[in-house]
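Visitor: Output the structure for:
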Amino acid sequence: MKISSFSRRRFLLYASLSALVTLTSACSSAPTPTVASAPTPLTDAPAATPITTAAENIVTYNGSGFTPAEIRIKIGDTVIFTNNSTESVWVASNPHPVHTDYPGFDSKKALAQGESYSFTFEKQGTFGYHNHLRPNQSGTVVVE
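Guide: Okay, the predicted model is just below:
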């Protein structure tokens, strides 16, 4: 079972906060009273303090194309391509079928529903990509 990067982030944030509270309590010289409170449910809402991670650069596939069709990122950023469709998708750089515009930018296999492929862009430029299984479905990554 794959865990999404966003779920891992939420878990790590929760675990870090729990560890910090435990460490702070252990270092305190005076006993700290225990106050019972209802647990705060985890939601998909963004954290109060923004964390810059690759998970913010997400492109989804819905069966008829990619959303967003164009994404702008910085050099060194990672884009995560997630299949939200019941149809398979194979993300690959242009041109079809050789994928040579950005060598390595190729999932090398079809992604089933719920699967993701991530790629880190290490050079500046505008890079077209497509669904290798349906080459007319395409998008663009602009690396600034």
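
Visitor: So what's the residue count around residue 126?
Guide: Applying other CB atoms under 10 Å, we find 12 residues neighbouring residue 126. (C-beta placed from N, C-alpha, C; glycine too.)

Visitor: Pairing partners for residue 92 in the sheet, please.
Guide: Note on residue 92: beta-bridge partners by DSSP bridges are residue 106, residue 130.

Visitor: OK, contacts around it?
Guide: Counting by CB atoms under 8 Å, 6 or more residues apart in numbering, residue 92 touches 99, 105-107, 129-132.

Visitor: what do you get for residue 60?
Guide: Under the criterion of CB under 8 Å, 6+ apart, the neighbours of residue 60 are 66-67, 81-84.

Visitor: and residue 136, that one's in a helix?
Guide: No: secondary structure assignment (DSSP: H, G, I helix; E, B strand; the rest coil) places residue 136 in strand, not in a helix.

Visitor: which residues touch the closest residue to it other than its chain neighbours?
Guide: By the measure of CB to CB, 6 or more residues apart in numbering, the closest residue to residue 136 outside its immediate chain neighbours is residue 130, 7.7 Å from it. Listed by CB under 8 Å, 6+ apart, the contact set of residue 130 reads 92, 94, 96, 136-139.

Visitor: one step back: nearest to residue 56, out of the contacts of residue 60: which one, please.
Guide: Distances from the contacts of residue 60 to residue 56 were compared by CB to CB; the smallest belongs to residue 82, at 13.0 Å.
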